[in-house]
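I would like the atomic coordinates for the input below:
(chains A and B)
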Amino acid sequence: MAATRTGSRSRSRDLRGHVAAIVPTAFVVVAFLLPLIGLLLLSLRPTDTMNNVLPGFTGAQYAEVFGTSYLWGSVVESLWLAVRVSLTCLVLAFPLAWYLARSTSSVGKSLVFVITLSPLLTSEVVRSFGWRVVMSGEGPVNVTLQALGLVDESLPLLRSPWTVFLAVVHVLLPFAVLALSASLGAIDNRLLQASADLGAGALRTFRSVVLPLATPGIVAAAVIVFSLSMGVYVTPLLVGGANQSLAGLRIQTEAMVAFDQPRAAALSFVLLAVTLAVCGLVGLAGRLAERGRRA
Amino acid sequence: MPDRPVSARPPLSSAGRARARRALTLVPVVLVCAFLLLPLLVVALSSFNAANNFRFPPSGLSLRWYAEVFGSAQWLDALGYSLRLAVLVVPVVVVLGTLGGYAVGAGNFPGRRALGLLFLSPMAVPGVMVGLALLYQLQRTGLVGSAQGLWLAHLVVTFPFCVRVVAVSAAALDPALPRAARSLGASPLRTFLTVTVPLMRPGIVAGAFLGAVISLGEVAVSVLVAGAGEATVPVRIYSAVQVQLEPTVAAVSTLLLLVSVVTIAVLDRTIHVSRFL
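I've put the predicted structure just below:
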């Protein structure tokens, strides 16, 4: 009898935090999960010619998404943008993450930390507005180019897809830096020293020591940046205008301009599925790379 | 004697080379930092432009756009709406985030990791999709364009960030302290409120500031659920920027930037770099 009592008491002491979880779990289920399920059901509803939602189930919305280049093409474009953005963010994030993780100067670290976080905590509209000004006809970029005599007339930079690309990289770079710096900080200094002592140059050390050990951070950064860039719409819309083939923008247009919510829902689930599939592949590739190295 | 300079040179030049190499590795750091800061600095600078344009460098400095913002009923309404919304969002999300972050960071029960993923999932789903799902739900309950609908949307968006920072504090918690309080006879609730919560304070403070700054800047979800009625500052900027570039937008944006700067200063003091996300 006494034994059972101590047993149950120690078990109840082991169980910790489950009561605290009840309210937030209920919140996420009601405010997020159920609406998402509602959206999934909506994507399976038929519509009439006025885009009114009818009862019943159909896969027609998905057939439409895969069948029209206007919609499916936007998913492909988003995928292409997300791949370029992820790779660029990884490359640009490396020096900052390395500095944050390795520098001995606490002032410098604090400064780089603040600069890294500043775009993250700044509203997307403010950053997009900033890029509009930077790239405008009389903005700093055009003024500099003209002052250097590289161009005679101001370039229409705002109409260039590269401006949207740069702005999206800017939005997502902090996520890559933070994800990378965590795993770079965990690399043992002695390994780097050992590599240098054995005669490896900086490049060799980077390739054979740093890169393999940073793989989890690289995978994490790639997954975060990729999945966030797949759905962006505010930045491309404000910087480059509504006339771009990007899935996030098309979802917004279908829902808010064409008022075809079932189609917008279907497109968003296709986008989510593609995003999750690519993230799964990236995670798998990272794990295989690690296992291959260990073998 | 004559070989002296020769023997003295190698250590000197290798030290010089090391310094040069260190300086060289700083170049990309500085360049990327400049890239991150460029649009923000340009916004702040252009808000003080005396002329009604965005020419660089500005021809003169003035505060006229700030005067215009504070003299405009539209912008004042938006600022008031944004602030009221943040005041209603932050306390609720702090309570939800504290409970959730504690459960995920310091909890010990089956399914804790899965619950952690569930709590962070609103961050992983594209904003346009969260907005669409909430829009459809709100339509069915007749709350589109209402403050309640926007409040709910902001809670969903800020919640994962809040959970994340509190969970970091909760994970660092020494379980011996609440256990001591319990063995001294404190009830579980009293232990949580008087021992556990104060120990998680850095995370909770960081979560509150993050929640405030994200709510004040949120646009991707808000645009979808906001309807045609009252608009928050970012939603108003969103509409304004699509029409044309106005210097008043630069002034309002700089005010938002100021909030971000304060938040960053708080975050820098309360939590550490690598643990932020």
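
Now whichever residue of the stretch 151-295 of chain A sits closest to chain B: closest residue in space that isn't a chain neighbour?
Of all residues in the stretch 151-295 of chain A, the one sitting closest to chain B is A:G231 (2.2 Å; C-beta to the nearest C-beta). Where C-beta positions appear, they are placed from N, C-alpha and C, glycine not excepted. Nearest residue to A:G231, sequence neighbours excluded (C-beta to C-beta, 6 or more residues apart in numbering or on different chains): B:P126, at 2.2 Å.

Now do the same contact list for that neighbour.
A:227-228, A:230-232, A:248, A:268, A:271-272, A:275 (C-beta atoms under 8 Å, 6 or more residues apart in numbering or on different chains).

Mind doing that once more with 7 Å?
Counting by C-beta atoms under 7 Å, 6 or more residues apart in numbering or on different chains, B:P126 makes contact with A:230-231, A:248, A:271.

Scan these and report the most crowded one.
A:G248 (28 neighbours; other C-beta atoms under 10 Å in any protein chain shown).

tell me the contacts of that one?
Counting by C-beta under 7 Å, 6+ apart, A:G248 has contacts A:78, A:231-233, B:126, B:128.

Now intersect the residues you listed with the helices, please.
Assigned to helices by DSSP state H, the following of the contacts of A:G248 qualify: A:78, B:128.

From the contacts of A:G248, pick the one nearest A:P119.
A:V232 (13.8 Å; C-beta to C-beta).

Surely that closest one and A:V169 touch.
No: in this structure A:V232 lies outside contact range of A:V169 using C-beta atoms under 7 Å: 10.8 Å.

Looking at those two, which has the bigger crowd around it?
Taking other C-beta under 10 Å, A:V232 and A:V169 do not tie; A:V232 has more neighbours (27 against 22).

which residue packs closest to A:Q261, ignoring adjacent ones?
A:A255 (5.6 Å).

what's the helix or strand for that neighbour?
Using DSSP states H and E, A:A255 sits in helix A:247-256.

Nearest to chain A: which residue in the stretch 151-277 of chain B?
Closest point on the stretch 151-277 of chain B to chain A, by C-beta to the nearest C-beta, is B:G217, at 3.0 Å.

just to revisit the earlier point, now do the same for the residue nearest to A:Q261: its pLDDT.
A:A255 is assigned 87 on the pLDDT scale.

Please apply the same query to B:V168.
The predicted structure lists B:V168 with a pLDDT of 86.

Work out for me the element it sits within.
Going by DSSP H and E, B:V168 is part of helix B:147-171.

if we can go back for a sec, how about CSV for the contacts of A:G248, with pLDDT and distance to B:P39 added?
Converted to CSV, those look like this (pLDDT from 0 to 100; distance: C-beta to C-beta, whole Å):
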residue, pLDDT, distance to B:P39
A:S78, 94, 23
A:G231, 89, 21
A:V232, 92, 16
A:Y233, 92, 18
B:P126, 89, 22
B:V128, 92, 22
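
Tell me the one of the contacts of A:G248 nearest A:T122?
A:V232 (15.3 Å).

Got the phi and psi for that closest one?
Dihedral angles phi and psi of A:V232 (degrees, to the nearest 10) take the values phi -60, psi 140.

same deal with B:N108?
According to degrees, to the nearest 10, B:N108 has phi -150, psi 90.

now swap in B:N49 and tell me
According to degrees, to the nearest 10, B:N49 has phi -70, psi 130.

quick one: contacts for it?
B:58, B:247.

Let's see that with 6 Å instead.
Contacts here follow C-beta atoms under 6 Å, 6 or more residues apart in numbering or on different chains; on that basis B:N49 touches B:P58.

Provide the partner residues of it in its beta bridges.
Beta-bridge pairing for B:N49 (DSSP bridges): B:L61.

how close does it sit to A:E138?
Distance, B:N49 to A:E138, by C-beta to C-beta, to the nearest Å: 11 Å.

repeat for A:V225
Distance from A:V225 to A:E138, by C-beta to C-beta: 32 Å.

So for these two, which sits in the more crowded spot?
Applying other C-beta under 10 Å to A:V225 and A:E138 shows that A:V225 carries more neighbours, namely 27 against 13.

can you pull the contacts of that one?
A:86, A:89, A:172, A:175-176.

Neighbour count, distance to A:S195 and pLDDT added to those residues, as CSV?
What follows is the contacts of A:V225, written out as CSV (neighbours: other C-beta atoms under 10 Å in any protein chain shown; distance: C-beta to C-beta, whole Å; pLDDT from 0 to 100):
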residue, neighbour count, distance to A:S195, pLDDT
A:S86, 25, 28, 96
A:C89, 29, 26, 96
A:L172, 27, 31, 92
A:F175, 22, 29, 89
A:A176, 30, 25, 92
